[in-house]
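S.K.: Attaching a predicted model along with its sequence, questions to come.
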Amino acid sequence: MIKKIIRHSWNVISGLFVLLLSLWLSGPGIAETDTPQYRWYFMLWFVLWTVGFVLQFRPRTKWFGLFITFVPTLYYFISILKAFEVISY
């Protein structure tokens, strides 16, 4: 029972975290360059998280799906930590 609550809590928190950061980073840029205004490849992290979430519904692939949801969350978490490290200098 406790494992189920922890897993569902992880899915809610990491899903919102990955979705919000993916939407924020795929939005229009603020630099005046020749790059496209919307960068949809950041949404691939949310697609990867969704694949991991779907894999958690089968008992055979539950742990693999949990690992896959961990990858985009860890990517954004490390990116945020690096960003704060640059600001502190």
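M.R.: Nice, I can see it. In this text, all values refer to a predicted model and were calculated from it rather than measured experimentally.
S.K.: all helices for this structure, in order.
M.R.: Assigned helices in the chain, in chain order: 2-26, 43-55, 62-87 (criterion: DSSP state H).
S.K.: Could you say which of the ones you listed is packed most deeply?
M.R.: Burial of the helices of the chain is given as mean neighbour count (mean count of other Cβ atoms under 10 Å); helix 43-55 ranks first at a mean of 17. Placement of C-beta: from N, CA and C, glycine included.
S.K.: What mean pLDDT does it get?
M.R.: The average pLDDT for helix 43-55 rounds to 93.
S.K.: Next, the angle from it to helix 62-87.
M.R.: Going by axes from the mean of the first three to the mean of the last three Cα atoms, to 10 degrees, helix 43-55 is angled at 150 degrees with respect to helix 62-87.
S.K.: which other residues reach helix 43-55?
M.R.: The contact list for helix 43-55, computed with Cβ atoms under 8 Å, 6 or more residues apart in numbering, reads 11, 14-15, 18-19, 21-23, 26, 61-62, 64-73, 75-76.
S.K.: What distance do you get for the most centrally placed residue in the chain to Ile2?
M.R.: In the chain, the centroid-proximal residue (Cα atoms, centre = their mean) is Val18; its distance is 2.9 Å. Distance of Val18 to Ile2, given as Cβ to Cβ, to the nearest Å: 24 Å.
S.K.: now swap in Tyr41 and tell me
M.R.: Distance, Tyr41 to Ile2, by Cβ to Cβ: 37 Å.
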